[in-house]
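1. The amino acid sequence is not available; the structure is as follows:
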């Protein structure tokens, strides 16, 4: 499993580090989208796509993006985080989560400055 995220966003980096502590598997690779080469299409996503959203890439599956990817990542965590990921992925909660995620993703650098 590969997770493509913004390696320059302080909030994204903090969430990545939190996820790494929670997830016991060494099979998850976190890749900043800044490390993706423009001509590399092995991940099944383009560099412009990767710069706008988190992606979860699993072998043999189409890429999952945005809130759905966050919920799938959460579901790999133990305890309350895994339960929350399953709960939030259920419609109609998931329907509201995606627009909220897109809003966060669009303004993540501004939000990061507010949180400093």
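-> That came in fine, so what should we check first? Just so it is clear, the model here is predicted, and its values are computed rather than measured.
2. Show me which positions of the helix or strand bottoming out on mean pLDDT in the chain end up buried.
-> Ranked by mean pLDDT, DSSP states H and E, the weakest helix or strand in the chain is helix 108-115, scoring a mean of 84. Going by neighbour count (16 or more other Cβ atoms under 10 Å), the buried part of helix 108-115 is 108, 112. C-betas here are computed from N, CA, C, even on glycine.
3. which residues sit against that helix?
-> With Cβ atoms under 8 Å, 6 or more residues apart in numbering as the contact definition, helix 108-115 has outside contacts at 6, 9, 10, 11, 12, 104.
4. List the contacts of the last one.
-> Contact criterion Cβ under 8 Å, 6+ apart gives residue 111 as the residues in contact with residue 104.
5. Tell me which other helices or strands the helix or strand harbouring residue 70 touches.
-> For residue 70, the host element (DSSP states H and E) is helix 66-75. Applying 3 or more Cβ pairs under 8 Å, 6 or more residues apart in numbering; DSSP states H and E, one finds that helix 66-75 contacts strand 55-57, helix 79-88, helix 93-106.
6. Buried deepest among the ones you listed, which one?
-> Among the helices and strands packed on helix 66-75, strand 55-57 has the highest mean neighbour count (mean count of other Cβ atoms under 10 Å), at a mean of 21.
7. strands paired with that strand, and their directions?
-> Using DSSP bridges, strand 55-57 pairs in its sheet with strand 2-5 (antiparallel), strand 64-65 (antiparallel).
8. After the longest one, heading C-terminal, what element do we hit next?
-> On the C-terminal side of strand 2-5, the closest following helix or strand by DSSP H and E is helix 10-22.
9. starting at the chain centroid, how far to that next one?
-> 10 Å (Cα atoms, centre = their mean, to the nearest Å).
10. who's in contact with it?
-> Applying Cβ under 8 Å, 6+ apart, the contact partners of helix 10-22 are 3, 5-7, 28, 30, 54, 73, 77-78, 81, 108, 111-112, 115-116.
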